[in-house]
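Asker: Would you be able to build a 3D model of this:
(chains A and B)
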Amino acid sequence: MIAILDYGSGNLRSAERAFATSGHDVVVTADRKVALEATGLVIPGVGAFAACMSGLKSVAGDEIARERVALGRPTLGICIGMQILFESGLEHAENGAHQGVGIWSGMVKKLNSPILPHMGWNTVSTTPGSTIFAGVENESFYFVHSYAATAPVGQYQAWSEYGEPFLAAVEDGALTATQFHPEKSGNAGLKLISNWSKSL
Amino acid sequence: MTLASRVIACLDVTEGRVVKGVNFTDLVDAGDPVEMAKVYNLEGVDELTFLDISASNMNRSTTLDVVARTAEQVFIPLTVGGGIRSVADVNNLLRAGADKISINTAAITRPELISEIVDRFGSQVLVLSVDARRANTPSGFEVTTHGGRESAGLDALAWVEKACALGVGEILLNSMDADGTRAGYDIGMIKAVRQVANVPLIASGGAGTLSDFAAALDAGADALLAASVFHFGIHRIGDVKRYLSQQGYSVRTSALT
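Answerer: Just a heads-up that it's a prediction; the model follows:
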């Protein structure tokens, strides 16, 4: 069973349906036990870094994420759900960086581009050895974000570029994350979701 | 790695039905927005926009159902506009499955609505739709309401600048002069708005020939929206993208069938 963590972040319906195409049972939940014990946990996320962290903490999502990683249970962060896995984020951070879950070191910073958000379909530079990009190495995925991580973390990195290179995806043992939205990336996104789901 | 220029199809919807005629022979029900969305998705469209032109709130609840059924079956970004006046309206649409919402008149009436939506949901959900035409204003372009029939008393460039400062995530620029003419996008207006907009810019109104799409990109548009040329089958989505690709523009071609 795949659980999608519901921490007040907008549109989960299409994420639920997109992950259901993998054949797994999918549940949208804020329940700690369900989220902790699910075969795979998806941490979605739209909105601002601080607002998402606050929502995540309200359902103990930060603890759930840390615990699942410690137990080696597959967990997938999407967009802001990827960004909050880092130590800190600079979005609307006039009084210092916002703290993240801190599983990965480093900071999420504003992309160096005159036009933001980075919105639309962009390609991803992949190298061999990826689980999630198998068969979709040369496809485009849908991005919508203004902030990103720009230093490598984890065992496997895929990169994209908008104004500057940034981390488009990370695979790090049980923990996987994409800066783009696979649930909004058409057939390429569904294939990526299927790849992750098959690895569970 | 280059961000692709997006091609967006716009559908006018009321009472759960597509309003403008569509001549796709391969559709069982050409009036069903969900069926239309599926076809455009298969053809490789990058985003879909539903414009809710319903007159009553009862009809709007039907639109929520259309949005929900589309989002469950078509996994590309979906923007919904028309009649959105409050944070609650936005929340309902996002919960139904919309990824972005576009506002127009309500933001002109009450610009604080922009900040209210952005504070709650983030800039990335909010598209400001600007119906503009050439007029005797400081920039030479003014904002209109009521489908271009009335002046809003706002200079278009000043309005776009203000809306960007308030936090909108994207500008949908509709030329009311070019709309429906198929004589080409208003290139001068796109260039002028590009100078003041620091968010992605969608060109709308006037698309006719394939070279019109390229001209709008040259003028600085990040995305190209069209309705009738797609609905009437004058161009298929794939034709536009293949043309742009051949001309050296970056488009998402891998989804083309």
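
Asker: before we move on, what SS does residue 92 have?
Answerer: This is for chain A. coil (DSSP: H, G, I helix; E, B strand; the rest coil).

Asker: could you do chain B instead?
Answerer: Applying three-state DSSP: B:Asn92 is helix.

Asker: Now do the same contact list for it.
Answerer: B:Leu64 (C-beta atoms under 8 Å, 6 or more residues apart in numbering or on different chains). (Glycine included, C-beta is placed from N, CA and C.)

Asker: same check, this time on A:Ala65
Answerer: A:Leu41, A:Ile43, A:Leu56, A:Thr75, A:Gly77, A:Leu85, A:Val101, A:Ile103.

Asker: can you check B:Val168 too?
Answerer: B:Ile114, B:Val118, B:Ser123, B:Leu126, B:Val127, B:Leu128, B:Val199.

Asker: let's go with 10 Å and repeat that
Answerer: B:Val168 is in contact with B:102-103, B:107, B:114-115, B:117-118, B:123, B:125-130, B:160, B:162, B:197, B:199, counting by C-beta atoms under 10 Å, 6 or more residues apart in numbering or on different chains.

Asker: and what of B:Ala221?
Answerer: So B:Ala221 contacts B:5-6, B:171, B:173, B:185, B:187, B:190-191, B:193-194, B:200-204, B:213, B:215 (C-beta under 10 Å, 6+ apart).

Asker: Repeat that for B:Gly147.
Answerer: B:Ile53, B:Asp131, B:Asn174, B:Met176, B:Asp179.

Asker: give me the number of residues near the fourth one?
Answerer: Pointing back at B:Met176 there. 20 (other C-beta atoms under 10 Å in any protein chain shown).

Asker: Report the secondary structure element holding the nearest residue to it once chain neighbours are set aside.
Answerer: The spatial neighbour of B:Met176 that comes closest, neighbours along the chain excluded (C-beta to C-beta, 6 or more residues apart in numbering or on different chains), is B:Gly148 at 3.3 Å. According to DSSP states H and E, B:Gly148 maps onto no helix or strand at all.

Asker: Would you agree B:Gly148 is in contact with B:Asn104?
Answerer: No: counting by C-beta atoms under 10 Å, B:Gly148 sits too far from B:Asn104 to count as a contact (11.5 Å).

Asker: Could you list the contact residues of the stretch 101-250 of chain B toward chain A?
Answerer: B:118-125, B:169-170, B:194, B:197-202, B:220, B:222-223, B:250 (C-beta under 10 Å from any C-beta of the partner chain).

Asker: can you rerun that using 7 Å?
Answerer: Where the stretch 101-250 of chain B comes near chain A, counting by C-beta under 7 Å from any C-beta of the partner chain, the residues are B:Phe121, B:Gly122, B:Ser123, B:Gln124, B:Gly169, B:Glu170, B:Asn198, B:Val199, B:Pro200.

Asker: Which two among the residues you listed are spaced furthest apart?
Answerer: B:Phe121 and B:Asn198 (19.6 Å; C-beta to C-beta).

Asker: which residues in chain A form strands?
Answerer: Counting by DSSP state E, chain A has these strands, from start to end: A:2-5, A:26-29, A:40-43, A:75-78, A:86-89, A:98-99, A:104-110, A:118-123, A:140-145, A:147-149, A:156-162, A:164-172, A:175-178.

Asker: Now render these as TSV, adding mean pLDDT.
Answerer: As requested, the strands of chain A are exported to TSV (pLDDT from 0 to 100):
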stretch	mean pLDDT
strand A:2-5	97
strand A:26-29	96
strand A:40-43	97
strand A:75-78	97
strand A:86-89	94
strand A:98-99	92
strand A:104-110	96
strand A:118-123	97
strand A:140-145	96
strand A:147-149	97
strand A:156-162	98
strand A:164-172	98
strand A:175-178	98
